[in-house]
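Chemist: need a structure here:
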Amino acid sequence: MPREVSFTVGKDRLKGTLFDPRLSKPKNPAILFIHGWTSNRGRYQKLAQKLSDLGYVVLTFDMRGHGNSDGNIELQTRNDFIDDVIASYDFLSQQEGVDPRKISVVGSSLGSYLAAVLAGKRRTYTLVLRAPANYPNEGFEKPQYKHSNDVEILKWRYKVSNPNDTISLRALNDFNGEVLIVESGNDEVIPPQTVKNYINAVKDKKKVHHIVMPGAPHSLSESPKYDRQYQDIICNWFRTQYN
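Modeler: Reported below is the predicted structural model:
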């Protein structure tokens, strides 16, 4: 059964929901969900429950300035959000019944960027990146609110980026686990080149799996058809990863 949890980062409190598997083992694989910009954990509750039914401990949470967590969305920086995802990972890894060797991370949009960076800071088993956003290193410590719809960043995403160009691509380049990248076919925010940059950053191409959802927009919250399709993709992926 899901239960409400909270944990701190600095002086702020983050709110989350922890899903425990019905048939728990002494050590269970776990999944951390990282939502996108202006989204919240509510987007993943149904999917988290499905994954919990497969035997995973799952944590969804609200980053600062989002959902029910503390913080002002107009002041939080990407650096702040990295601290949030590290705090959430550490909280999940310390839960009874979690196998710390098998914690996977799922991110969407900004959450994918954060998931990639997190993989360079904490032991991560597998990565799932949906509609992965990327950002120049400049502005990392400035309020994300000012960059959310920055035209220059949107133009920048059409350029070829090498693994050493951004902290997200560098972290992914150093990552040795399996990576699933899910691309929206009609993404109006993340161009195909940005997705290619993430794919190219993975050293072992045998470990990168790329799925395109034809016709899908960037945000799936208003598209039940594509949201169900995405949930099926994720459940199938983690069904094959479970052991």
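Chemist: after the strand or helix carrying N200, which helix or strand is next?
Modeler: The secondary structure element spanning N200 is helix 192-201 (assigned by DSSP states H and E). Taking DSSP H and E as the definition, the helix or strand that follows helix 192-201 towards the C-terminus is strand 208-213.
Chemist: buried ones in that next one?
Modeler: When burial is assessed from 16 or more other C-beta atoms under 10 Å, strand 208-213 yields the following buried residues: 208, 213. For the C-beta atoms, the positions are set from N, CA and C on the backbone; glycine is no exception.
Chemist: re earlier: who touches the helix holding N200?
Modeler: Helix 192-201 is contacted by residues 112, 116, 129, 132-134, 157-161, 163, 168-170, 172-173, 181, 183, 208, 210 when judged by C-beta atoms under 8 Å, 6 or more residues apart in numbering.
Chemist: next one: that helix to chain centre, how far?
Modeler: Helix 192-201 has its C-alpha centroid displaced from the chain centroid by 16 Å (C-alpha atoms, centre = their mean, to the nearest Å).
Chemist: flag every buried residue along it.
Modeler: Judged by neighbour count (16+ other C-beta under 10 Å), helix 192-201 contains these buried residues: 194-195, 197-201.
Chemist: ok, now stretch 163-174?
Modeler: The neighbour-count check on stretch 163-174 (16+ other C-beta under 10 Å) flags 163, 165-173 as buried.
Chemist: restricting to C-alpha, output it in PDB.
Modeler: These are the backbone C-alpha positions of stretch 163-174, laid out as PDB (Å, rounded to 0.1, in the frame of the first residue of the first chain):
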ATOM      1  CA  PRO A 163      29.600  14.100 -24.000                       C
ATOM      2  CA  ASN A 164      31.900  16.700 -22.500                       C
ATOM      3  CA  ASP A 165      29.700  19.600 -23.400                       C
ATOM      4  CA  THR A 166      27.200  19.300 -20.500                       C
ATOM      5  CA  ILE A 167      27.200  17.800 -17.100                       C
ATOM      6  CA  SER A 168      24.200  15.500 -18.000                       C
ATOM      7  CA  LEU A 169      25.900  14.100 -21.100                       C
ATOM      8  CA  ARG A 170      29.200  13.600 -19.300                       C
ATOM      9  CA  ALA A 171      27.500  11.700 -16.400                       C
ATOM     10  CA  LEU A 172      25.600   9.500 -18.900                       C
ATOM     11  CA  ASN A 173      28.900   8.900 -20.800                       C
ATOM     12  CA  ASP A 174      30.400   7.600 -17.500                       C
END
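Chemist: can you read off the pLDDT for G139?
Modeler: Reported pLDDT at G139 in the predicted model: 87.
Chemist: so who does it touch?
Modeler: 78, 146-147.
Chemist: among those residues, name the ones in helices.
Modeler: Using DSSP state H to define helices, the subset of the contacts of G139 located there is R78.
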